[in-house]
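In: Kindly generate the corresponding structure for this input.
(chains A and B)
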Amino acid sequence: MKILVLVKNVPEVAEAELEIDQGALDLEDLEMVVNEWDNYAVEEAVRITEASGGEVHLMTLGNEDDEDVLRRGLAMGAHAASHLCDEAFDGSDPATLARVIAAAVKDGGYDLILTGVQSADLGQASTGVLLAQELGLPHATMAIALEPGAGEVVVTRELENNTSEKVALPLPALVTVQSGINQPRYVSIMGIRKVRKMTIEQIEADDLGLAEESLGAAASMVDSQSLALPPMGEGAQMLEGGLDSVCDQAAAILREKGGLA
Amino acid sequence: MNPLRTPFWGVEWAWLFYLLAALALAALALGLWEKISLWAQGRRAAPVASHKHPLGAILADVFLGRRIWRGEASAGLMHLMLLWGFLGLFIGTCAVAVDHYLVSFLQGKIYLWFSAGLEVCGLLLVMGLLLALTRRWLLPVSRLERRPDDTLLPLWLLAVACGGFMVEAARLAASRPPWEDWSFVGYGLSGFFPSAQAARELFPWLWWAHAIISLGFIAWLPWSKLAHAIAAPASLYLQGQPLAVLAVAAEEGDLAALGLRHLLHLDACTRCGRCVEVCPAAQAGEPFSPRDLLRRARRQARLKYSPLYRLPWLRGRRQALLERDRAADWEVAWYCTTCRACLEVCPVQAAPIEMIRKLRAGLVEQGSTVPPQLMDVLEKLHRYGNPWLAKKGAKAGWAQGRDIPDLRKSGPEVDWLYFVGCTTSIDTRAQGMARALSDVFTHCGVSFGTLGKKEPCCGDIARRLGEQGLMEEQIEATQALLNKQGLTRIICTSPHCLDTIKKVHPLFTEEGLPLQVLHYSQMLHRLWQQGRLFFDHPLPLKVTYHDPCFLARHNRLVDEPRQLLRAIPGLELVEMADHGLNSLCCGGGGGRMWHEIPGQANLAVRRLEQAAATGAELVVTACPLCLIMLEDARKTGGFEDKFAIIDLSELAARALGLAATDREAETNP
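Out: Numbering: from 1, shown residues only, chains lettered A, B, ... in the order given. Model (predicted):
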């Protein structure tokens, strides 16, 4: 089975102090990491090929530094990687990105295309399904289990309130992968060093035969207006005093607001 | 009449004996060949230096079994009797052979003394075996296992020794030579034969039984744990090998791919179980045992490299066994705290700390069985240079309000680099150590600076977790910084940083400046000796001192902290049951600080139970990891009314009247 996994490099923000600089996140002090959902997708693809053969291709769209996310995936066991890298792609909305990726993917002969459910930075959760639309493939989202079979893949989808749905898609198909589908493996420094010499296919806009006016912000229907940090709330109350006193005060407040029966 | 003994006296079919002996020797040779060919492969994998330990001490360890006597005299006595009984009989048998085939010398007085000597050796062997069986079955010593060969082997040897005496007794009873009382044991036993005739008739039967049992033993020897007779001296000889940077391929944690030294360690182990007895994880009831790890490693090495397992009909079995053992290793790889207690007590210096590191290195490379918490720690170490926060440049929070030179920016216009370390920089409890130390240094007029908010990680955690690549990157980055800034004199807060900077960093700095690395307790001790540190605030407290493993066992710093404590006026130092080189680990080493293993025991609580037994009102330690582990255990284990936990640095600040440190610690607990 030939599997393509789309991956994205995103800034890690969980514990960071964020700053907005000219309408964009200041990436200066932020570390770039593989998008969490994509990491699960890569792991799932590698496991499928480890169990029943085939190969895993990776693809990302991003700037030069984003090659790291491909190296990491190769170290996990992917077999090849392509990097869509061109300034002409900047400012694209998900539909435009999907067109670009579709142009790069359409002749690849992939049986299965996996993406993460969404990206951690913009969280639109739409590039994957738009790509399926562009390629005319059946798709399923929020996959928490994959069972590839002959000519089809059975996908367990996570729904609300602990329910799940099983769907069967004829191959080729596109599936967006939910976190928790597996436990992704650790990627060691040594592992990344070992794949340092693997060549990564570089793809620019010209290679895809796409007209410039169909790319980037000009072709996009969605335009980012502004980016803001959540305003600082005023609900916090600092308790002063020793440990016992702070505990008593906290208990009193909980009792007063009905938190303690 | 000239006293002598005629070999094959009263025995027919000597050719049959020679045939059996040839078979036994063939089995012996095959076993030795298997071992030697295995060791030879290990030598190719990782060459060893010649011995690094005083030869006299090694010989004493081998021939007196000094390390076996420690803590258990009956074990030492047993081993001494077995060793010398066995050795004497072996030499005696060789002498008989020389006498028979080469030069005849066993006659007259020499023969008489020779006979008496062999009687003594035989008795030593029998007593040693009886003591061994008593220790394993009657007392019994709890650390001793009871696998089939543990019982069969001494019983077999006992049959050899007693059989020898019986053959001798029958011969004496049948022939009654005038010098018979020199063979005093056989002479004593010869009385049991009713007549010379009966003895003469029984003699061939006894002789053949003794011959077959003895030859069987010879055939079994190299396949049994008695192979330690060769491997243990070699293992002792190779102790204390210098650390070396090995090629990546040689480090890939396959336990079967061990170097010569480790392969010898594996064969030197007799499963005595002293390691299990002192292992903090095993003793707390966790499913880990250094002994079992060694045994599996030995089996894996054999399965993978023994020429015998290349025989076609053993191949299938080989793969199944290898996979079973590897799976068992993976289960237990993360329990070890690398506390070194096992190596401290191992009579043959074979305990598996290095093997654990290799095992973990293999798991990290392979990736899919690394526990998620440890993946997170390794990711943080890689991206943010610390195991605690997903944030860069967070290492100077403790120093607020203190004017400490940042040596990343300025050159070495100070005498010392104070290397604070990840945990001491970031953990709120451990930060008290950094504040206390900087205040004490300032008070004593030590000129020092730090690497500020972007101090790199020294690589210790990556090392302990088997992330070789990350360790190398961190060491190289740290050394590049130290070199650039010309920093060579370093004081560490953590014994863990000390160990790695002192022992491993030099391997990566061929052209680097020679480093002088001290633990802070050494620095304080030095200041105290110079009269620059004078404790003028009496602390009338009863304290006990918890030796950090990486200070006491790994770096042999046991007296310095104690002398400092005793220098504090009014302070009374009492010792816990396990202290000094026998300290009991707090459970925070080997990466376990950052890793909760399902069903793990709280090792620190066990330690605090020992502390409570001393009646001390203060438990002092000298390591940020110990401090955090013990502080947590104090709260969760119900010791809050009994004592407080404090670091030596904080106690020193208190004894100097540097109260500001205390106040900060209280408001920022």
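
In: Residues in contact with stretch B:17-37: which ones?
Out: B:8, B:11, B:211-212, B:215-216, B:218-223, B:227, B:230-231, B:267, B:302, B:305-308 (C-beta atoms under 8 Å, 6 or more residues apart in numbering or on different chains). Glycine gets a C-beta too; all of them are placed from N, C-alpha and C.

In: Return the members of those classed as buried.
Out: Buried members of those, scored by 16 or more other C-beta atoms under 10 Å in any protein chain shown, are B:211, B:215-216, B:218-223, B:227, B:230-231, B:267, B:302, B:305-306.

In: In helices, which of those appear?
Out: B:211, B:215, B:216, B:218, B:219, B:220, B:230, B:231, B:267, B:302, B:305 (DSSP state H).

In: Looking at the residues you listed, which is nearest residue A:70?
Out: The closest of those to residue A:70 turns out to be residue B:305 (C-beta to C-beta; 37.9 Å).

In: Where in chain A is the helix or strand with the lowest mean pLDDT?
Out: Least confident helix or strand, chain A: strand A:24-25 with a mean of 83, by mean pLDDT, DSSP states H and E.

In: Give the other helices and strands that that strand contacts.
Out: On a contact count with 3 or more C-beta pairs under 8 Å, 6 or more residues apart in numbering or on different chains; DSSP states H and E, strand A:24-25 meets no helix or strand.

In: Quickly run through the sheet partners of the following helix or strand past that strand, with directions.
Out: With elements assigned by DSSP states H and E, the helix or strand that comes after strand A:24-25 is strand A:32-34. Its sheet considered, strand A:32-34 pairs with strand A:9-11 (antiparallel) by DSSP bridges.

In: Can you tell me the SS state at residue A:165?
Out: Following DSSP: H, G, I helix; E, B strand; the rest coil, we place residue A:165 in the strand state.

In: For it, the count of nearby residues, please.
Out: The number of residues packed near residue A:165 is 11, by other C-beta atoms under 10 Å in any protein chain shown.

In: Have a look at chain A and report its longest strand.
Out: For chain A, the strand that runs over the most residues, judged by DSSP state E, is strand A:139-148.

In: Point out where the stretch 451-600 of chain B drops to low pLDDT.
Out: B:511-513, B:599 (pLDDT under 70).

In: near chain A, which residues of it show up?
Out: B:467, B:468, B:469, B:470, B:472, B:473 (C-beta under 8 Å from any C-beta of the partner chain).

In: Neighbour-wise, which one of those leads?
Out: Top of these by neighbour count (other C-beta under 10 Å): residue B:467, with 29 neighbours.

In: Could you double-check that residue B:634 lies in contact with residue B:643?
Out: Yes - shown here, residue B:634 and residue B:643 form a contact pair, counting by C-beta atoms under 8 Å, at 7.4 Å.

In: on that earlier part again, of all the ones in helices among the buried ones among the contacts of stretch B:17-37, which comes closest to chain A?
Out: residue B:305 (23.7 Å; C-beta to the nearest C-beta).

In: ok, residue A:152 touching residue A:167?
Out: No - applying C-beta under 8 Å as the test, residue A:152 and residue A:167 come out as separate, 10.0 Å apart.

In: what helices or strands is the strand or helix carrying residue A:133 leaning on?
Out: Using DSSP H and E, residue A:133 maps to helix A:127-135. Under the contact criterion of 3+ C-beta pairs under 8 Å, 6+ apart, helix A:127-135 touches strand A:2-7, helix A:94-105, strand A:112-116, strand A:139-148, strand A:173-177.

In: Following the longest strand of chain A in sequence, what is the next regular element?
Out: Using DSSP H and E, the helix or strand that follows strand A:139-148 in sequence is strand A:152-158.

In: List the neighbouring strands of that following strand plus their orientation.
Out: If you go by DSSP bridges, strand A:152-158 pairs up with strand A:139-148 (antiparallel), strand A:164-170 (antiparallel).

In: what's stretch A:187-203 in contact with?
Out: A:67, A:70-72, A:74-76, A:80-86, A:104, B:248, B:364-365, B:367, B:382, B:467-470, B:472-473.

In: Which single residue of the stretch 1-150 of chain A ends up nearest chain B?
Out: Residue of the stretch 1-150 of chain A nearest chain B, by C-beta to the nearest C-beta: residue A:15 (4.0 Å).

In: All set, thanks.
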